[in-house]
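In: mind folding the following:
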Amino acid sequence: MAMALSNSTVAACITSLSASNQFSLPYFSPFKPLKFPLFWPWQKVKMGPLTVSPMGFGTWAWGNQLLWGYQQSMDSELQQVFNLAVENGINLFDTADSYGTGRLNGQSEKLLGKFIREFPFGEKRIQDEIVIATKFAAYPWRLTPGQFVQACRASRDRMQIEQIGIGQLHWSTANYAPPQELALWGGLVAMYEKGLVKAVGVSNYGPKQLVKIYDYLKARGVPLCSAQVQFSLLSTGEEQIEIKNICDSLGIRLISYSPLGLGMLTGKYSPSRLPRGPRGLLFKQILPELEPLLVSLRDIAEKRKKTVPQVAINWCISKGTIPIPGVKTVKQAKENLGALGWRLSSNELLQLDYAAQESPRKMIQNIFQTK
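Out: Got it, this is the predicted structure:
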């Protein structure tokens, strides 16, 4: 039986949902008709002191000409991508001070700041809700805590925001410059104590170094909010699983980057259909032996009426991580959003885990990840 809902009834339902801790609402303009999101609802998760969407968007491609073919003519669509994401409950955006090639270094941060300021429904509210997680590169000339703090200030200035959500150390120098490592840790403490960031995190830290920095920060009253590593159906080796277990035991939220294996888990490529540029060389090595995994992804996607990328991203969410797939187009953003609002069953997870084990080639680990 059909039932008509009055505007007041709809408003009451929305108010009731937003009052809970589990759901967040899109940004509605008081001067426009209500625009419901593409995917409902969006369950939020805790990450240290912050509340974030169960999936974020990565912005590595925003400014990267070499690997992702960025051109400034793309900026208009990237702004549409940002607006679509925020309207649909995404409030976590990952970037880095090194994202952008050549003269475009820092371009990703600049674009994020611009898009926040130009979001149509009010800058202050957006700034309060959005969590920018930026990474500071461990460049060899950043040798003191003060220099690392200055890097944080520079990122904040590029984005033109008052406070960064999560300040992350992009990689560890323990393998090649141990003294610098302690200086960078001191920089994380200083930027947190100065109120430049709401929380701190790390990226590309292996299990041993992750425990060390956790203990270092804890002794100084600074909680480690997040650890970002390559984690996907293509990257589930013993070390990655150990990192995940450590994060779970210590209350650190694992952020999984490259959840689609740079595009290998989208189902759009094959040994005879490779992407251009450096990715094509990597895909040529790995794709021929991924058939068991891709078959399982397609099987589940068909039964679920989802796409292969949506299933691959949902696997990361179902494992308790926060995936940050990269986005360059509105089409990609819409597809990624389809990974929200549902969960793979335990049987489906087992099927994918087994298929991943049966696919002999794995993703090459980031050379900067420590032990």
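
In: show me the helices in this protein, by range?
Out: 7-18, 65-68, 75-87, 107-118, 123-129, 145-159, 178-193, 207-219, 238-250, 278-286, 291-304, 308-318, 330-337, 346-358 (DSSP state H).

In: want to throw those helices into a markdown table with mean pLDDT?
Out: What follows is the helices of the chain, written out as a markdown table (pLDDT from 0 to 100):
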| stretch | mean pLDDT |
| --- | --- |
| helix 7-18 | 37 |
| helix 65-68 | 62 |
| helix 75-87 | 93 |
| helix 107-118 | 92 |
| helix 123-129 | 71 |
| helix 145-159 | 96 |
| helix 178-193 | 96 |
| helix 207-219 | 97 |
| helix 238-250 | 94 |
| helix 278-286 | 78 |
| helix 291-304 | 94 |
| helix 308-318 | 97 |
| helix 330-337 | 95 |
| helix 346-358 | 94 |
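
In: deepest in the core, which of those is it.
Out: helix 308-318 (a mean of 24; mean count of other Cβ atoms under 10 Å). In this view, the C-beta of every residue, glycine as well, is placed from N, C-alpha and C.

In: just to revisit the earlier point, reformat the helices of the chain as TSV; add distance to Phe231.
Out: TSV is the format used below for those (distance: least, Cβ to Cβ, whole Å):
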stretch	distance to Phe231
helix 7-18	30
helix 65-68	20
helix 75-87	21
helix 107-118	21
helix 123-129	26
helix 145-159	24
helix 178-193	22
helix 207-219	13
helix 238-250	6
helix 278-286	16
helix 291-304	15
helix 308-318	7
helix 330-337	16
helix 346-358	12
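
In: ok, which of those helices comes nearest Gln168?
Out: Proximity to Gln168 (Cβ to Cβ) singles out helix 178-193 among the helices of the chain, at 8.5 Å.

In: can you count the residues close to the closest residue to Val308 other than its chain neighbours?
Out: Once flanking residues are discounted, Val308 sits nearest to Gly267: 3.6 Å by Cβ to Cβ, 6 or more residues apart in numbering. Gly267 has 17 neighbours, counted by other Cβ atoms under 10 Å.

In: which residues touch the residue nearest to the spatial centre of the chain?
Out: Geometric centre of the chain, nearest residue: Ile324, 2.5 Å, by Cα atoms, centre = their mean. By Cβ atoms under 8 Å, 6 or more residues apart in numbering, Ile324 lies in contact with Met55, Gly56, Phe57, Gly58, Leu92, Asp94, Gln228, Ile255, Ser256, Tyr257, Pro259.

In: just the closest of the residues you listed to Ala174, please.
Out: Gln228 (16.4 Å).

In: in the sheet, who's paired with that closest one?
Out: Ser203, Ile255 (DSSP bridges).

In: neighbours of it, how many?
Out: 26.

In: that one contacts Ser203, doesn't it?
Out: Yes - applying Cβ atoms under 8 Å as the test, Gln228 and Ser203 come out as touching, 4.0 Å apart.

In: which neighbours do those two have in common?
Out: Lys135, Gln168, Tyr257.

In: just the ones of the residues you listed in strands?
Out: Lys135, Gln168, Tyr257 (DSSP state E).

In: still on that earlier bit, now the contacts of Ile324 as CSV including pLDDT?
Out: Converted to CSV, these look like this (pLDDT from 0 to 100):
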residue, pLDDT
Met55, 96
Gly56, 97
Phe57, 97
Gly58, 94
Leu92, 97
Asp94, 96
Gln228, 96
Ile255, 98
Ser256, 96
Tyr257, 94
Pro259, 94
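
In: would JSON lines of the residues you listed with distance to Val189 be doable?
Out: Shown next, in JSON lines, are the contacts of Ile324 (distance: Cβ to Cβ, whole Å):
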{"residue": "Met55", "distance to Val189": "29"}
{"residue": "Gly56", "distance to Val189": "25"}
{"residue": "Phe57", "distance to Val189": "28"}
{"residue": "Gly58", "distance to Val189": "26"}
{"residue": "Leu92", "distance to Val189": "23"}
{"residue": "Asp94", "distance to Val189": "22"}
{"residue": "Gln228", "distance to Val189": "19"}
{"residue": "Ile255", "distance to Val189": "21"}
{"residue": "Ser256", "distance to Val189": "26"}
{"residue": "Tyr257", "distance to Val189": "24"}
{"residue": "Pro259", "distance to Val189": "30"}
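
In: now those: which count as buried?
Out: Met55, Gly56, Phe57, Gly58, Leu92, Asp94, Gln228, Ile255, Ser256, Tyr257, Pro259 (16 or more other Cβ atoms under 10 Å).

In: the second one contacts Ile322, doesn't it?
Out: Put plainly, it is Gly56. Yes - the criterion here is Cβ under 8 Å, and Gly56 meets it with Ile322 at 6.0 Å.

In: intersection of neighbour lists for the two?
Out: By Cβ under 8 Å, 6+ apart, Gly56 and Ile322 have these common neighbours: Leu92, Ile255.

In: need phi/psi at Thr173.
Out: Per-residue torsions, Thr173: phi -100, psi 10 (degrees, to the nearest 10).

In: surely it touches Ala137?
Out: No - in this structure, Thr173 is not within contact of Ala137 by Cβ under 8 Å, at 10.6 Å.

In: can you name the residues in contact with stretch 181-198?
Out: Contacts with stretch 181-198, where a contact means Cβ under 8 Å, 6+ apart, come from 49-50, 131, 136, 138, 142-149, 151-153, 156, 163-167, 169, 172-174, 199-200, 213, 216-217, 220, 222.
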